[in-house]
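# Build me a structure from this.
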Amino acid sequence: MADRRGLLIAGIHSGSGKTLVALSLFHGLQVRGYTVSPFKCGPDFIDPRFHEWVTGRTSVNLDLFFSGKIEIPKLYDRMTRFTSGGVVEGVMGFYDGLDKGTSTYDVASVLDIPVILVVHAKGMAETIGAVVQGVQQYRTGWRLDGIIAVQTGSPRHAEILAGALERENLPPLLGVLPRHEDFALPERHLGLVDVRELDENGRLTRLKARMSEFTANWNWERICSRFVQVREAPPVSAEAGSLPGATLQNGNAPLRLGVAWDKAFRFYYPENWAILEENGVQIIPVSPLSDRKLPAGLDGLYLGGGYPEHFTEELSLNRNFLSSVRDFQAQDGMIYAECGGMLYLSHGPEIAPGEQGREWIGMLPYRFRMKGRLKRLGYVTARPIEGGFWGNSKEEVRGHFFHYSELIPIETENTKTFKPAFEVQGKPEGFQTMNLVASYLHLYLPSSPMVLKNFIDALRARSETRRPYLSHY
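This next block holds a predicted model:
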């Protein structure tokens with residue numbers, strides 16, 4: 001069995017309180033002198049930003065669909081090598097994804113680290129024993145270290161829960177998080193509301209102030225026994241919530257990739273940054289919300305996912321930046337866009353007939369419509385279609401869909417015909433030209449060495465052959 005330092009936080013279902021428990025563990029361990037590396041199971045872009053807000057360290061996705069059983073332990077060991085250990089937040093319910101081999105249970109088994117099970121205990125008493133026993137016995141090959149109950153009532157409620165576990169000879173109740181208005185994280189259609197938005201309205205400040213109070217009676221002796229003190233850990237990032245991977249920037253890198261990074265564009269895999277930087281690409285953060293124009297000297301632009309639909313007016317009013325992106329593409333600059341980034345390349349949100357709409361980039365002859373339910377969700381394997389900047393690669397790449405929007409074709413004066421960028425499950429996906437690729441796909445670049453190579457080769461080719469990017473704004 002492995003001797004890895006750390007804990008994995010699992011829940012019985014989505015919305016069970018895993019993120020609040022993980023943040024409380026990060027904070028509690030820090031104030032007790034431990035330096036913890038944060039992780040998140042599955043293809044999640046939102047929860048890791050909260051991890052970074054507390055720890056100041058890049059939170060890394062542990063995803064068995066993308067990385068596999070051999071790479072996940074290597075990644076965990078590399079990221080915890082000089083720290084006290086890791087805290088891994090699970091995804092959905094503990095066994096959800098079992099049929100695909102991508103569940104939190106599968107990650108716990110591969111890493112062989114102890115699990116803390118989060119139980120949403122509102123309206124529950126002795127039944128907690130049956131719930132925990134059922135989860136524990138459903139599969140072997142993992143270790144349950146203890147329980148943290150959330151949404152509890154009085155101290156007497158906590159005593160009843162602890163007693164029920166003890167009588168059934170189950171792992172102990174390590175602590176509780178009581179119901180309180182300051183100790184909750186609001187949600188929207190893709191998950192939690194973005195960390196920067198909550199930070200600006202003071203919600204996170206109030207939350208952090210309550211953490212020590214609400215966790216004072218946790219069994220910290222048992223929790224801390226899963227970690228070690230370190231004399232000197234690697235420095236944290238200069239700004240909590242800064243661009244993932246930014247601390248790895250190489251100022252002498254031959255290629256410069258601008259990355260949209262602000263409240264509207266936040267959904268990225270930090271592993272993508274790491275592998276790009278290892279291959280000579282410098283990550284340059286840019287803000288479509290607040291920057292006046294693209295910085296000079298970029299070779300490419302990466303527009304990731306996020307919540308652009310919540311910043312329609314701000315994005316459309318930043319006309320100089322919109323124009324600089326159009327200029328960049330016209331001057332043969334390379335643009336890669338995923339999901340929300342693809343929407344930004346459209347004409348903007350749907351408008352009623354005869355209505356004057358706010359315009360976005362307008363490179364794609366579409367507007368978009370937000371739906372009240374998910375359009376697509378799940379892992380996919382995509383095959384890049386020859387042409388554009390994918391070259392003639394035949395190698396597939398892994399990624400996932402997660403979006404509520406749909407595209408609506410419109411007629412414009414200069415409507416272009418685009419070639420599909422990918423084939424997914426036998427169907428075309430996205431758009432491409434020689435210097436633009438846009439789709440709903442969120443790609444995990446380390447899953448395909450050939451696609452990664454073609455991406456970097458295309459970036460290098462644009463750098464060597466196109467005119468230097470000049471902005472008139």
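
# from here on, contacts and neighbour counts on C-alpha atoms
Will do.

# pretty sure His403 is touching Leu377, no?
Yes - using C-alpha atoms under 8 Å, His403 is in contact with Leu377, at 6.9 Å.

# Have a look at those two and say which one is more surrounded.
For the pair His403 and Leu377, the greater number of neighbours falls to His403 (21 against 11), based on other C-alpha atoms under 10 Å.

# That one and Arg376, how far apart?
As for His403, its distance to Arg376 is 6 Å (criterion: C-alpha to C-alpha, to the nearest Å).

# Next: Val36.
In terms of C-alpha to C-alpha, Val36 sits 34 Å off from Arg376.

# So for these two, which sits in the more crowded spot?
Val36 (28 against 14).

# Would you report the backbone torsion angles of the more buried one?
The phi/psi pair for Val36 (degrees, to the nearest 10) reads phi -110, psi 140.

# Name all residues that make contact with it.
Counting by C-alpha atoms under 8 Å, 6 or more residues apart in numbering, Val36 makes contact with Phe26, Leu29, Gln30, Thr55, Thr80, Thr83, Ser84, Gly85, Gly86, Val87.

# Check the fifth one and give its pLDDT.
Thr80 carries a pLDDT score of 93 in this model.

# Does it touch Gly86 like I think?
Yes - between Thr80 and Gly86 there is a contact under C-alpha under 8 Å: 6.2 Å.

# Neighbours of the nearest residue to Met363 once chain neighbours are set aside, how many?
Spatial nearest neighbour of Met363, chain neighbours left out: Leu345 (5.4 Å); criterion: C-alpha to C-alpha, 6 or more residues apart in numbering. Close neighbours of Leu345, defined as other C-alpha under 10 Å, add up to 24.

# what does Arg143 give?
Using other C-alpha under 10 Å, Arg143 has 16 other residues around it.

# how near is Thr35 to Cys41?
Thr35 is 20 Å from Cys41, by C-alpha to C-alpha.

# make that Pro171, sorry
In this view, Pro171 and Cys41 are 23 Å apart by C-alpha to C-alpha.

# Any regions of the stretch 151-300 of the chain where pLDDT drops low?
Residues of the stretch 151-300 of the chain that meet the criterion pLDDT under 70 lie in 181-205, 232-253.

# Now with 50, please.
Low-confidence segments of the stretch 151-300 of the chain (pLDDT under 50): 188-191, 237-251.

# For it, which segments count as strands?
173-178, 187-188, 191-192, 255-260, 265-267, 281-286, 300-303 (DSSP state E, counting those that start in this stretch).

# Quick one: those as TSV, columns for distance to Trp218 and mean neighbour count too.
Below are the strands of the stretch 151-300 of the chain laid out as TSV (distance: least, C-alpha to C-alpha, whole Å; neighbours: other C-alpha atoms under 10 Å):
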stretch	distance to Trp218	mean neighbour count
strand 173-178	4	23
strand 187-188	27	10
strand 191-192	25	15
strand 255-260	40	24
strand 265-267	33	24
strand 281-286	40	23
strand 300-303	42	26
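
# okay if I get those as a markdown table plus distance to Ser323?
Formatted as a markdown table, the strands of the stretch 151-300 of the chain follow (distance: least, C-alpha to C-alpha, whole Å):
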| stretch | distance to Ser323 |
| --- | --- |
| strand 173-178 | 49 |
| strand 187-188 | 31 |
| strand 191-192 | 32 |
| strand 255-260 | 15 |
| strand 265-267 | 18 |
| strand 281-286 | 15 |
| strand 300-303 | 14 |
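
# Trp390 is nearest to which of those strands?
Of all those, it is strand 300-303 that lies closest to Trp390, at 14.2 Å by C-alpha to C-alpha.

# what's the average pLDDT for the helix or strand following the closest one?
Proceeding N to C from strand 300-303, the next assigned helix or strand is strand 305-306, under DSSP states H and E. With pLDDT averaged residue by residue, strand 305-306 scores 92.

# Could I get the buried residue list for the next helix or strand after strand 305-306?
Per DSSP H and E, strand 305-306 leads on to helix 312-317 as the next helix or strand towards the C-terminus. Of the residues in helix 312-317, Thr312, Leu315, Ser316 count as buried by neighbour count, 16 or more other C-alpha atoms under 10 Å.

# contacts for helix 312-317?
Pro288, Leu289, Pro308, Leu322, Gly348, Pro349, Arg358, Glu359, Trp360.

# on that earlier part again, which one's more surrounded, Thr35 and Cys41?
Thr35 (28 against 25).

# so what pLDDT did the more buried one get?
Per-residue pLDDT puts Thr35 at 94.

# same check, this time on Gly388
At Gly388, pLDDT is 70.

# I'd assumed it was in a helix, is it?
No - counting by DSSP: H, G, I helix; E, B strand; the rest coil, one finds Gly388 to be coil, located in no helix.

# And it, how far from Ile361?
From Gly388 across to Ile361, the span is 20 Å (C-alpha to C-alpha).

# where do the helices sit along the protein?
18-31, 47-55, 68-80, 104-111, 127-138, 155-167, 195-200, 203-214, 220-224, 270-278, 312-317, 319-330, 340-344, 449-465 (DSSP state H).

# rewinding a little: please identify which of the contacts of helix 312-317 is nearest to Phe267.
Closest approach between the contacts of helix 312-317 and Phe267, by C-alpha to C-alpha: Pro308, at 11.1 Å.

# on that earlier part again, out of the contacts of Val36, which are buried?
Using 16+ other C-alpha under 10 Å as the burial test, those include Phe26, Leu29, Thr55, Thr80, Thr83, Ser84, Gly85, Gly86, Val87 as buried.

# May I ask which of these comes out lowest in pLDDT?
Comparing these by pLDDT, Thr55 comes last, at 88.

# I'd say Leu294 and Ser324 touch.
Yes - with contact defined as C-alpha under 8 Å, Leu294 reaches Ser324; the gap is 6.1 Å.

# Of these two, which one has the most company?
Between Leu294 and Ser324, counted using other C-alpha under 10 Å, Leu294 has the larger neighbour count: 26 against 21.

# Could you name every residue contacting both of Thr80 and Gly86?
Val36, Ser37.

# List the contacts of the closest residue to Ile160 other than its chain neighbours.
Setting aside the residues directly before and after it, Ile160 is nearest to Ala125 in space (C-alpha to C-alpha, 6+ apart), at 6.3 Å. Neighbour list for Ala125: His157, Ile160, Leu161, Ala164 [criterion: C-alpha under 8 Å, 6+ apart].
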